[in-house]
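Asker: Everything below, folded, please.
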Amino acid sequence: MFTSAILLCVAISRVMSQGWGKPEVGTCPDIPVMEDFDISKVYGRWYDVAHNHWLFGEPSICCVTADYSEIDGADMASVQSEELRVLGSSTHLQVNGVAQHTDNPGQFELYVPEVENPPSDGTSNYNFIATDYENYACVYDCMQVEPELMEVLAFALSRDNQGENLCKDAFEAIGVVVDELVYTVHDDDCTYGL
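Answerer: Sure thing, here's the model as predicted:
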């Protein structure tokens with residue numbers, strides 16, 4: 001039954017969505033470029049402390065992490081891990097992706113090998129819009145699926161699993177409704193993978 005619930009979440013999101021974000025009315029903004037982005041300083045473990053609504057797993061997703069590691073100095077491996085808690089059971093989920101650099105520093109085209117990925121026009125879909133590398137990183141993507149319908153993914157990351165959301169200003173500047181962000185549970189029951 002638990003596997004059926006996971007498959008149902010994935011199936012519903014694929015039917016309702018062109019990608020992985022929750023559709024909302026609006027037009028995608030220009031995504032700011034971090035001209036001085038240093039990929040080597042992003043490597044390591046990050047904790048998702050807040051994010052916008054997704055079409056998959058909410059509100060049962062917790063203990064969300066992102067681990068970045070070097071591939072070749074320009075591209076990086078991205079391991080996204082989380083726990084899905086439903087009806088007293090907990091299942092660890094992990095997605096292994098590759099973030100390929102684009103011409104803009106801090107902007108990557110993320111894909112997950114061997115699964116159907118959202119459509120891509122070759123532009124970035126995984127964008128660091130602000131970071132100090134030591135405490136916080138703000139990751140954003142927006143895909144225009146219809147003239148007045150967009151899908152947004154916004155992740156406030158911290159090096160500390162109890163860190164605060166330091167991405168509010170960066171997100172507000174590009175139209176993310178920060179009052180509607182979901183705060184990720186990181187409790188004593190989390191068993192972080194990797």
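Asker: Okay, helices next: where are they in this structure?
Answerer: Using DSSP state H, the helices of the chain run over 2-16, 168-173.
Asker: Let me see the residues that make contact with the last one.
Answerer: Helix 168-173 is touched from outside by 32, 129-130, 138, 140, 154, 156, 178, 181, with contacts defined as CB atoms under 8 Å, 6 or more residues apart in numbering. In this view, the C-beta of every residue, glycine as well, is placed from N, C-alpha and C.
Asker: This structure: strands as residue ranges?
Answerer: 22-25, 44-51, 61-70, 76-86, 89-101, 107-111, 126-131, 136-146, 149-158, 182-183 (DSSP state E).
Asker: Take the ones you listed and lay them out in JSON lines including distance to Asn117.
Answerer: Shown next, in JSON lines, are those (distance: least, CB to CB, whole Å):
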{"stretch": "strand 22-25", "distance to Asn117": "18"}
{"stretch": "strand 44-51", "distance to Asn117": "19"}
{"stretch": "strand 61-70", "distance to Asn117": "17"}
{"stretch": "strand 76-86", "distance to Asn117": "13"}
{"stretch": "strand 89-101", "distance to Asn117": "9"}
{"stretch": "strand 107-111", "distance to Asn117": "5"}
{"stretch": "strand 126-131", "distance to Asn117": "11"}
{"stretch": "strand 136-146", "distance to Asn117": "12"}
{"stretch": "strand 149-158", "distance to Asn117": "13"}
{"stretch": "strand 182-183", "distance to Asn117": "23"}
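Asker: Out of those, which is closest to Cys190?
Answerer: Among the strands of the chain, the nearest to Cys190 by CB to CB is strand 61-70 (3.7 Å).
Asker: and that closest one, C-alpha only, in PDB?
Answerer: Provided in PDB are the C-alpha atoms of strand 61-70 (Å, rounded to 0.1, in the frame of the first residue of the first chain):
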ATOM      1  CA  ILE A  61       8.000  14.800   3.300                       C
ATOM      2  CA  CYS A  62      10.700  15.600   5.900                       C
ATOM      3  CA  CYS A  63      14.400  15.400   6.600                       C
ATOM      4  CA  VAL A  64      15.200  16.900   3.100                       C
ATOM      5  CA  THR A  65      18.800  17.200   2.200                       C
ATOM      6  CA  ALA A  66      20.800  18.100  -0.900                       C
ATOM      7  CA  ASP A  67      24.400  16.800  -1.200                       C
ATOM      8  CA  TYR A  68      26.600  18.300  -4.000                       C
ATOM      9  CA  SER A  69      29.900  16.900  -5.100                       C
ATOM     10  CA  GLU A  70      32.400  17.700  -7.900                       C
END
